[in-house]
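In: Got a predicted structure plus its sequence, pasted below:
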Amino acid sequence: MTYQESLTYLDGLNQFGINLGLVRITHLLKLMDNPQHKYKTIHVTGTNGKGSTTIMLASILNNAKIKTGMYISPHLETYTERMQVNGKNITEQDFADSISYVSKFVKQMIAEGEENPTQFEVITAAAFYYFAKVEVEYAVVEVGLGGLLDSTNVIIPEVSVITNVTFEHADRCGGTLAGIAEHKAGIIKDGVPVITAAKDEALTIIKKVAEQKSADVFVAGEDFESVFENMEGHKQNITFSADLMGVEIIYVLNLLGKHQVENSSVAIMTALVLANSEKRITSEAIHNALLTVCWPGRFEMVYEEDRLIVLDGAHNLAGATVLRKNLDQYFPDKELVFLLGILKDKDVEGILNSLVRPENVVVVTQPDSERAAEPDFVANKVVAKQVKVAESIKSGLQIAKKLAGNDKILCIAGSLYLIGAVRKLIVKS
């Protein structure tokens, strides 16, 4: 397969949709000789923050001179972002070769009368195969959706990470916050330590599952915490402490937002638990990783001539709430113009109510996804000083730029599909 042929093949798998369950992926990987068991793993789930925590953990391992794979989803601009080794995307040809390799076993499954794997299952299997092929020592694996029935939940990790639990994907994860928590807790394995920043009812459920599986639990705010000290430019000075371990680390974080303070504490605690058996993980590796870590499209500030543009996926209620707090913190006296595109299976009204204020200006467009909400539908639910609908992302960006000028902050949010498309238009390589 060429890279384009691999994308066409993956496109054809969209017909099988999102179909949670481990039967297909387990069978597929068995035919492939279970590549996911040929290196150590860290498993990361959570409603928000799992991507940021994953990239921080991978960065810490990279800085510890450990050959590290990272598997994330979705991508912003290209599928090759989903599989990285030592901070570098898989090449297009290696991606195509990995998909082609997996496709042979997919054909074998179908020939045996088995159900066709989904797109996500095929990509996950390809990532596991690629990491084994290049002989990574560790892979940091981000859950796609939920945890319990997610395709990635076939690994036995060194540490399980649950960043937080809020109300999202309820239709696929039990219908309640408790149901969602149970799905997230589904990544907990027998005797494998758990790091979490979950709270209240969700935390109670996670602790219960961990106890049933004899897994130690380390909780943000109870066993460890990071405290924001001050800002220096676009970096945060933070102090991490874990009293039971007798550890205090002062570090600088190259990611903005108070939510990233907590995410970084989860990443550090995970690294410290790993350090009990992996002596290459040092305070220096942690410092260097967090000082330089980048996570595009998550409260990312891009300067285009004299205009400041803020890019943030903020694709659910919790994410929108955090984004608004960050905008209020960093730009308390600035007028805001939003370019928004939201998926129809999200809490559209909740996102808008958390993010937009009556004095703001909003341009609505449609993300590049089959799940995108119609712009007119979203616009009719916006309460703002001015609301415009754009026929395309490109025209929406042009309208929003004109409305923002150089004196207002332009914030683009609502879906990672929108952010990816906009980054292609405004971010220079």
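Out: Yep, that arrived.
In: Following whichever strand or helix holds residue 211 in sequence, what is the next regular element?
Out: Using DSSP states H and E, residue 211 falls within helix 200-212. Using DSSP H and E, the helix or strand that follows helix 200-212 in sequence is strand 217-219.
In: Could you point out the helix or strand that follows the helix or strand of the chain with the lowest mean pLDDT?
Out: Every helix and strand of the chain was ranked by mean pLDDT, DSSP states H and E. The lowest is strand 300-304, at a mean of 90. Where DSSP H and E defines the elements, the next helix or strand beyond strand 300-304 is strand 307-312.
In: now the spatially closest residue to residue 100 that is not a sequence neighbour: how far from residue 252?
Out: Nearest non-adjacent residue to residue 100, counting by Cβ to Cβ, 6 or more residues apart in numbering: residue 1, 4.1 Å away. Every residue, glycine included, has its C-beta placed from N, CA and C. For residue 1, the distance to residue 252 equals 43 Å [Cβ to Cβ, to the nearest Å].
In: Is residue 14 part of a helix or strand, or is it coil?
Out: Recorded secondary structure, residue 14: helix (DSSP: H, G, I helix; E, B strand; the rest coil).
In: number of nearby residues for it?
Out: By other Cβ atoms under 10 Å, 11 other residues sit near residue 14.
In: And for residue 249?
Out: By the criterion of other Cβ under 10 Å, residue 249 has 18 neighbours.
In: Tell me the strands beside the strand or helix carrying it, with direction?
Out: If you go by DSSP H and E, residue 249 is part of strand 247-253. The sheet places strand 247-253 alongside strand 235-242 (antiparallel), with pairing taken from DSSP bridges.
In: rewinding a little: give the contact list for the residue nearest to residue 100.
Out: By Cβ atoms under 8 Å, 6 or more residues apart in numbering, the contact set of residue 1 is 9, 96, 97, 99, 100, 103.
In: The one helix or strand residue 351 maps to vs strand 307-312, what angle?
Out: Under the criterion of DSSP H and E, residue 351 resides in helix 348-355. Taking axes from the mean of the first three to the mean of the last three Cα atoms, to 10 degrees, helix 348-355 and strand 307-312 form an angle of 130 degrees between their directions.
In: what packs against helix 348-355?
Out: With contacts defined as 3 or more Cβ pairs under 8 Å, 6 or more residues apart in numbering; DSSP states H and E, the packing partners of helix 348-355 are helix 317-330, strand 336-340, helix 375-379.
In: try 10 Å this time
Out: Judged by 3 or more Cβ pairs under 10 Å, 6 or more residues apart in numbering; DSSP states H and E, helix 348-355 is in contact with helix 317-330, strand 336-340, strand 361-364, helix 375-379, strand 409-413.
In: Parallel or antiparallel, which strands does the second one pair with?
Out: Taking DSSP bridges as the criterion, strand 336-340 sits next to strand 361-364 (parallel), strand 409-413 (parallel) in its sheet.
In: that older thread, among the contacts of residue 1, name the ones in helices.
Out: Judged by DSSP state H, the contacts of residue 1 include 9, 96, 97, 99, 100, 103 as members of helices.
In: pretty sure the fourth one is touching residue 129, no?
Out: Okay, so that is residue 99. Yes: with contacts counted by Cβ atoms under 10 Å, residue 99 reaches residue 129, the gap being 9.5 Å.
In: which residue is nearest the centroid of the protein?
Out: By Cα atoms, centre = their mean, the mean C-alpha position of the chain lies nearest to residue 51, the distance being 2.6 Å.
In: Is it correct that it falls within a helix?
Out: Yes: assignment of residue 51 by three-state DSSP places it within a helix.
In: about what we covered before: which parts of the strand holding residue 249 are buried?
Out: Neighbour-count burial for strand 247-253, counted by 16 or more other Cβ atoms under 10 Å, picks out 249, 251, 253.
In: could I get those as a markdown table with pLDDT and distance to residue 5?
Out: Formatted as a markdown table, the buried residues of strand 247-253 follow (pLDDT from 0 to 100; distance: Cβ to Cβ, whole Å):
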| residue | pLDDT | distance to residue 5 |
| --- | --- | --- |
| 249 | 95 | 47 |
| 251 | 96 | 44 |
| 253 | 97 | 41 |
